[in-house]
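Undergrad: no FASTA, just this:
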C-alpha cells in the first residue's frame, strides 16, 4: 500500500470525521434528521409518546427507518428488489417505531423540496395505505407499477456492473484502493488485523457464496483502507477491502465494507432475546428484514471489536429525495412504506398481520386515512427537528467563523 499523509491515529481521524459530520448535517433539515437518530430515540422514550403509539407484535425492526436507508438491493444471484439497506440499529421491537421514523423522514424530505404542507398529509395517508397493503402479503416484492417514481433509479441499478461500482467507490477499475479524501492508509496493526481476518474460513465461505462458485476458489486480500464514510459512524471502525477471487491472472473482484457494530440506541422490547454480540444482532436483523442483503453479510471481529462484513454490489443504490413533485412524493411514500410492510409482514403469521393492521387504523381522525397518533407524532417530530436543525446551523456557522 502506498505511503500517504492520511490521518492514522484515532484522534486525527475523529477530528476530520466530526467536521464532516457537522457539515453534512447542516446541509439541509432532511440531512439533519438522518444524522440525529439519538434525538428521535429520546423523544420516542418519553411516557407521553409511549401512551399514544400502538404496541405492535415483537419483531425485528430497522430501528432507523429513514428514506436514505431504503433502496435497490441485489441478492447473491443478481435479482433486484427494494429493501432496507442499513440495519445498524436493528432490534426486536415495536414496528410502529419504524413507521414514525419513516413518516418524519418523508415529511422532512417534502419540506426540503418546498412542497406545501398538504403534501405531507397526503404522503402520510399514502404511507399507511402502502404499509397496510404490503402487510396483507399481496406481493413478495415491489410490483412494476409501484416503481414508477423511481423507475430511472431501478433501470440504472439493473444496468450496473463491476466497473460502475469500482469507478463510484474506488474511482478506478484497477485492483487498488486510491488513498485520498475518502480512503485513508491503514496503520501497521490494522493491516495485520485485516490480513488475519482474511485467513479465516468463514470469510472465505461468504465470498464463495456471494460469487455462486460451484468449486472452491482462492480468496486474496488485494488492498485495504480506512473508509471515511457515513454521518453516524463517528468513532467506529470502518474499512474497505478489495478482494481477488480465483486464479491470480484471472481474478474476479469483490469490494467489501467492514463496519464496526456498536450498541443499538433504538428502543427494544424488554425480555426478548437478541444476540449479545452486536455484529450478530445486525446480521440477524438483516436476514429477517432484508434477505437480499442479509445473505451477503457476516459477523466477524477486528481488534476484538465486533464488525459486520458486507459485500458491496453494483446494483445497490442510494437515491436522494430532492426536488420532488407532489405526485412523486406521494407515490414514493406509498412505495417505501410497502417495503417496510413486507419486511415486517414476513415475520408474522396471517392472524397477527390482520390484528396489527387493525390496531394501526384505530383512532383515526375524521376524513383521514392516516391514524391520528401518526399525524400528531410527525407534527411534534417535525417541529422538534426543525428547531434543532436551525440551532445546529447557528452553532456550525459560529464555529466556522
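TA: Noted; the coordinates are in hand. Since the model is a prediction, treat every value here as computed from it, not as a measurement. Numbering: from 1, shown residues only.
Undergrad: report the separation between the nearest residue to residue 295 once chain neighbours are set aside and residue 284.
TA: Leaving aside its sequence neighbours, residue 295 sits nearest to residue 76 (C-beta to C-beta, 6 or more residues apart in numbering; 5.6 Å). Yep, even glycine has a C-beta here, placed from its N, CA and C like the rest. Distance check for residue 76 against residue 284: by C-beta to C-beta, to the nearest Å, it reads 18 Å.
Undergrad: who's more crowded, the two?
TA: Per other C-beta atoms under 10 Å, whichever of residue 76 and residue 284 has more neighbours is residue 284, with 20 against 14.
Undergrad: if we can go back for a sec, so is the residue nearest to residue 295 in a helix, a strand, or just coil?
TA: coil (DSSP: H, G, I helix; E, B strand; the rest coil).
Undergrad: looks like it contacts residue 209 (just checking).
TA: Yes - between residue 76 and residue 209 there is a contact at 6.2 Å, judged by C-beta atoms under 8 Å.
Undergrad: tell me, what's touching the two both at once?
TA: 295-296 (C-beta atoms under 8 Å, 6 or more residues apart in numbering).
Undergrad: I'd like to know how many residues surround residue 83.
TA: Residue 83 is flanked by 26 other residues according to other C-beta under 10 Å.
Undergrad: list the residues that contact it.
TA: Counting by C-beta under 8 Å, 6+ apart, the residues that residue 83 touches are 70, 73, 289-293, 339, 343.
Undergrad: name whatever forms a beta bridge with it.
TA: residue 71 (DSSP bridges).
Undergrad: what's the pLDDT at it?
TA: Looking at residue 83, its pLDDT stands at 92.
Undergrad: could you do residue 265 as well?
TA: Confidence at residue 265, expressed as pLDDT, is 88.
Undergrad: am I right that it sits in a strand?
TA: No - assessed by three-state DSSP, residue 265 does not belong to a strand; its assignment is coil.
Undergrad: what about residue 362, how many residues close to it?
TA: 10.
Undergrad: how about residue 67?
TA: The tally of other residues near residue 67 (other C-beta under 10 Å) stands at 23.
Undergrad: dump the residue contacts of residue 183.
TA: 6, 170, 177, 225-228, 240.
Undergrad: report the lowest-confidence entry in those.
TA: residue 170 (60).
Undergrad: residues contacting residue 111?
TA: Going by C-beta under 8 Å, 6+ apart, residue 111 touches 29-30, 120, 382, 386.
Undergrad: need the helix or strand of the chain with the lowest average pLDDT.
TA: Ranking every helix and strand in the chain by mean pLDDT, DSSP states H and E puts helix 162-169 at the bottom, with a mean of 59.
Undergrad: any idea of the mean pLDDT for the next helix or strand after that one?
TA: Following helix 162-169 in sequence order, the next helix or strand is strand 183-184 (DSSP states H and E). Averaged across strand 183-184, pLDDT comes to 88.
Undergrad: chain center to strand 183-184, what's the gap?
TA: In this view, strand 183-184 has its centroid 22 Å away from the chain centroid, taken as C-alpha atoms, centre = their mean, to the nearest Å.
Undergrad: neighbouring strands of it in the sheet, and parallel or not?
TA: Note on strand 183-184: by DSSP bridges, its sheet partners are strand 219-227 (antiparallel).
Undergrad: what sits up against the partner strand?
TA: With C-beta under 8 Å, 6+ apart as the test, strand 219-227 has contacts from 1, 6, 13, 175-177, 179, 182-186, 190-191, 194-195, 198, 203-204, 207-208, 238-245, 248, 251, 253, 257.
Undergrad: so where is the stretch 301-401 of the chain shaky, pLDDT-wise?
TA: Residue ranges of the stretch 301-401 of the chain with pLDDT under 70: 363-369, 400-401.
Undergrad: just the helices from it, written as ranges.
TA: Assigned by DSSP state H, counting those that start in this stretch, the helices in the stretch 301-401 of the chain fall at 326-345, 350-361, 372-400.
Undergrad: out of these, deepest packed?
TA: helix 326-345 (a mean of 24; mean count of other C-beta atoms under 10 Å).
Undergrad: assign a three-state SS to residue 86, would you?
TA: Classified using three-state DSSP, residue 86 is coil.
Undergrad: next: the one 10 residues further on.
TA: In terms of secondary structure, residue 96 is helix; the call rests on three-state DSSP.
Undergrad: quick check: it touching residue 59?
TA: No - at 11.1 Å, residue 96 does not count as touching residue 59 under the criterion of C-beta under 8 Å.
Undergrad: the domain parsing of the chain - what is it?
TA: 13-159+317-400, 162-312 (automatic domain parsing).
Undergrad: the residue nearest to residue 295 and residue 183: what is the separation?
TA: Applying C-beta to C-beta to residue 76 and residue 183 gives a distance of 26 Å.
Undergrad: and for residue 27?
TA: From residue 27 to residue 183 the distance is 22 Å (C-beta to C-beta).
Undergrad: with residue 336 instead?
TA: 31 Å.
Undergrad: kindly report the same for residue 49.
TA: From residue 49 to residue 183 the distance is 41 Å (C-beta to C-beta).
Undergrad: equivalent analysis for residue 65, please.
TA: Distance of residue 65 to residue 183, computed by C-beta to C-beta: 29 Å.
Undergrad: same question, residue 196
TA: 21 Å.
Undergrad: same deal with residue 284?
TA: 30 Å.
Undergrad: can you pull out the helices in the stretch 1-150 of the chain?
TA: Counting by DSSP H, counting those that start in this stretch, the helices of the stretch 1-150 of the chain are 10-26, 29-35, 37-44, 47-52, 95-112, 117-135.
Undergrad: most packed of the ones you listed?
TA: Most buried of the helices of the stretch 1-150 of the chain by mean neighbour count (mean count of other C-beta under 10 Å) is helix 95-112; its value is a mean of 25.
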